[in-house]
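**Student:** Return atomic coordinates for the entry below.
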Amino acid sequence: MKAISVLAMFFTLLFFNLNAVFSQDLNANIMRKVNAANQELDKAEDQIKTGKLELAPAKVKSAQKEYDAIFSYYGGSFDPAHPVLVKLKNRIANITEQASGKSQKPQSGSAVSTGEKLQTEEKTPPGITVAQGKEQNDLSANIRRRIDAADRALVIANQAAEKGERAEGSLTKARVEYKNIFEYYKGSFDPNHPDIIALKKRIDTAEQAMTAGFVQKNATAPLESNSGAVEDLPAQMGADLVAIAGALNILEHRLETAANSSQPGSYLEGVKSDLQFAQDKFEQFQKNYTGSFEPGHVAYQQVQLRLESGQDAVARLKGEAGVAAQAGKNTQNEANDAAAQRIKARYTDVPPTSKVHRANAGRMIWSKQPISLDGQDQIAPEKSFQLSDPIFGRLYLHHSLGNTPVYGSDGEPQENRDFGYEFRLFIDGKEKVDRFNVFSNGNLKGQAGETWTTWQFAPHPLPPDDGFKSEAEAWFRTTKGLSPGTHSVRFELWSVQGQLRSREPISIGEFSLIVQKDERIAAGSQFPREMYSGTDAAQLHEQFKKALAQAKISASEIDKVAIAGDWAYNRYTDSKIEYRKMSAAVLFKDKDNDGVCRFVSYNFISDKSGNTWSTPKFHSFCNGCPEGDAECSR
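**Tutor:** Modelled structure (predicted):
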């Protein structure tokens, strides 16, 4: 492919116009002036040919101005007799005379004047021969200029081809110039003239190189980061192929991690799950679009080849894991396995709680209603949701958090003493994080961490449920801004203890998320009501806004304030001075016009001096007080 691009550039340079040949010693600024003058003259010629003779002098005047500027600004830095400048000067003079309606003197050996020759070259009807004495093997200046213009456009087209890009505009310009030679000058030249044949060949070569470069680029660049590869497909079909590529990216990443691990077999279950997920998506694509897509399309071929490569890699990993198991492990590995087995037996796991549980250990199921412990088998699992739908899930584990080993870089299993966990979210194969570089995290307490093998998880509970508040807020933030269309969603649950984590996800769940145009998730919290019983609430609101300047919060950022209750009175332990304290929720204005506003609670304090109280001051954030996202006030 590179050879084709180089060959195309060689021919382009070989047959490039005379300006390029003779302008090597003219600097870039001079050449810009020359090109600008020639462009004006091109317009003047077109006006003369189309019967707009009265408009041509203005264009000729602009060209003369560009020519004069060369000598005014750059005089002394070039040869005034340079062929490019002489050619430009003669062209200005020639077109000036044409624009004035005067005829040039007849050329030696010619039976017609220059004006008559122009008319013959530009407007000779089909079937009418040119004036007698015209040399068919000579190409006129007008034809030469069109060849030059086509070659300038081909330079840009070939540069784009080398980058695997498409410069259709430049290629089209070259084709138009070639076509116009036959349209305007038919009968005045030999169609088999070497320069005409060579131009056609350069255009064909550039087109082939551009197509080949584009195909090569899109065949090798990862589809999940190269939207150009699917730009010619229907939007949803392209999005589905990109989603498959995203799933394959996760598989490839885990395979790479396994390949660099001293215990690649420990990644086998996760790799098999990733492969199945990608295969399911690919099979669904084929089912949805059979007969409506081209199997030879570069994007489809890429995901097909990557899937086949992933299948081969997983098969090799299985073989390696089998060989390792048959050959036996070294002493350290045996010790680690024994330690892991002891950890898995620390507590008594809750056995499967339902048929669904038994069939989905290590997976999550989803529904548009809560999945209670008693009603698991009565729920029909969902695989697709609208963005505004309620989304409830239940996850199932092989072992409780307390019975799941966690590992550090040394590969030795450790106990998850704090029963910590974290959820990771992937949308279209790309991880979406909210806080602490994950979707959400937490700890189970006591018996839940020791024995539970299932619990509920709801990223979008409706009506809002404080039990899932942190997950709902994370879901709101991570799905904000999703483009319309269908997106693949994947949740992974990991067991964590500080920097230690399980070797692979202990539960995985996927579903499709459909986003409509202008659709958004409603805020999951409500801004608190005013709870102050005093009559000076409005005054306190304004004082609190001013006090927040101490926390670098401008009053212009604040929408409204709601006081959480009446003053609480107390005394400082050292000075015994009396003070009073009050908390209030502050709703901030909508910064991104999405109708959702953040609110935070703060503490304010006022000191007593004599019989009066000082103006309230900002004291601190209010820990444990209302905080979240709410619908903006209207």
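
**Student:** which residues of the stretch 101-250 of the chain score low on pLDDT?
**Tutor:** 102-137, 164, 166, 211-220, 227 (pLDDT under 70).

**Student:** quick one: low-confidence ranges for the stretch 501-634 of the chain?
**Tutor:** Using pLDDT under 70, the stretch 501-634 of the chain drops low at 523-524, 634.

**Student:** where does the stretch 301-450 of the chain dip in pLDDT?
**Tutor:** Short version for the stretch 301-450 of the chain, where the test is pLDDT under 70: 324-330.

**Student:** Would you map the strands across it?
**Tutor:** Secondary structure of the stretch 301-450 of the chain (DSSP state E, counting those that start in this stretch): strands at 364-367, 384-386, 391-396, 406-407, 413-414, 420-427, 430-432, 440-443.

**Student:** what's the fifth one in contact with?
**Tutor:** So the one you mean is strand 413-414. 336, 339-340, 343, 405-408, 497, 500 (CB atoms under 8 Å, 6 or more residues apart in numbering). Heads up, the C-betas are built off the backbone N, CA and C, glycines and all.

**Student:** Derive a PyMOL selection command for the buried subset of those.
**Tutor:** Applying 16 or more other CB atoms under 10 Å to the contacts of strand 413-414, the buried members can be selected in PyMOL as follows:
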select buried, resi 336+340+343+405+406+407+497+500
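
**Student:** With respect to burial, which of the strands of the stretch 301-450 of the chain scores highest?
**Tutor:** strand 391-396 (a mean of 25; mean count of other CB atoms under 10 Å).

**Student:** so what strands line up beside that one?
**Tutor:** strand 364-367 (antiparallel), strand 454-460 (antiparallel) (DSSP bridges).

**Student:** one step back: mind picking the two most distant members of the contacts of strand 413-414?
**Tutor:** Greatest spacing in these, by CB to CB: Asn336 and Gln497 (16.3 Å).

**Student:** how much space is there between the nearest residue to Lys517 once chain neighbours are set aside and Gln284?
**Tutor:** Closest residue to Lys517 apart from its sequence neighbours, by CB to CB, 6 or more residues apart in numbering: Pro484 at 4.6 Å. Computed as CB to CB, to the nearest Å, the Pro484 to Gln284 distance reads 20 Å.

**Student:** Which strand residues bridge the nearest residue to Gln456 once chain neighbours are set aside?
**Tutor:** In space, Gln456 comes closest to Arg394 once its chain neighbours are excluded; the distance is 5.3 Å by CB to CB, 6+ apart. Note on Arg394: beta-bridge partners Ile365, Gln456, judged by DSSP bridges.

**Student:** Show me the contacts of strand 413-414 that map onto helices.
**Tutor:** Counting by DSSP state H, the part of the contacts of strand 413-414 found in helices is 336, 339-340, 343.

**Student:** Let's have those residues in a markdown table, adding distance to Cys597.
**Tutor:** Listed next are those as a markdown table, based on distance: CB to CB, whole Å:
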| residue | distance to Cys597 |
| --- | --- |
| Asn336 | 51 |
| Ala339 | 51 |
| Ala340 | 48 |
| Ile343 | 46 |
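
**Student:** Who are the contact partners of Gln64?
**Tutor:** Counted by CB under 8 Å, 6+ apart, Gln64 has contacts 37, 92, 96.

**Student:** For the residues you listed, which entry has the maximal number of neighbours?
**Tutor:** Ala37 (25 neighbours; other CB atoms under 10 Å).

**Student:** Please, which helix or strand holds that residue?
**Tutor:** helix 28-49 (DSSP states H and E).

**Student:** Kindly provide the distance from Pro505 to Ile250.
**Tutor:** 11 Å.

**Student:** Ile605: neighbour count?
**Tutor:** So Ile605, with other CB under 10 Å, has 18 neighbours.

**Student:** where does it land in three-state SS?
**Tutor:** Following DSSP: H, G, I helix; E, B strand; the rest coil, Ile605 is assigned to strand.

**Student:** which non-adjacent residue is nearest it?
**Tutor:** That would be His619: by CB to CB, 6+ apart, it lies 4.3 Å from Ile605.

**Student:** got the phi/psi numbers for that neighbour?
**Tutor:** The phi/psi pair for His619 (degrees, to the nearest 10) reads phi -110, psi -50.

**Student:** where's Lys201, which helix or strand?
**Tutor:** Going by DSSP H and E, Lys201 is in helix 194-220.

**Student:** How far away from the center of its chain is the helix or strand just after that helix?
**Tutor:** As assigned by DSSP H and E, the chain's next helix or strand after helix 194-220 is helix 235-259. Mean-position distance between helix 235-259 and its chain equals 15 Å (CA atoms, centre = their mean, to the nearest Å).

**Student:** now swap in stretch 249-260 and tell me
**Tutor:** For stretch 249-260, the distance to the chain centre is 22 Å (CA atoms, centre = their mean).

**Student:** Next: stretch 32-40.
**Tutor:** Distance, centroid of stretch 32-40 to centroid of chain: 39 Å (CA atoms, centre = their mean).

**Student:** So which bits of it are buried?
**Tutor:** 33-34, 36-38, 40.

**Student:** Kindly indicate which of the contacts of strand 413-414 lies nearest Thr615.
**Tutor:** Of these, the one sitting nearest to Thr615 (CB to CB) turns out to be Gln497, at 48.7 Å.

**Student:** and that closest one, how far is that from Thr454?
**Tutor:** 21 Å.

**Student:** what does Tyr300 give?
**Tutor:** 39 Å.

**Student:** residue contacts, the closest residue to Thr454 other than its chain neighbours?
**Tutor:** What sits nearest to Thr454 in space, not counting adjacent residues and going by CB to CB, 6+ apart, is Tyr396, at 5.0 Å. In this structure, Tyr396 makes contact with 356-357, 360-365, 453-454, 507, judged by CB under 8 Å, 6+ apart.

**Student:** In PyMOL, how would I select the buried members of those?
**Tutor:** To isolate the buried subset of those in PyMOL, counting by 16+ other CB under 10 Å, use the following:
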select buried, resi 356+357+360+362+363+364+365+453+454+507
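
**Student:** Out of the contacts of Tyr396, name the ones that lie in helices.
**Tutor:** Reading helices off the contacts of Tyr396 with DSSP H, I get 356-357.

**Student:** now the contacts of Tyr396 in TSV, with distance to Gly270?
**Tutor:** Below are the contacts of Tyr396 laid out as TSV (distance: CB to CB, whole Å):
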residue	distance to Gly270
Val356	22
His357	21
Asn360	16
Ala361	15
Gly362	10
Arg363	13
Met364	15
Ile365	19
Thr453	19
Thr454	20
Ser507	12
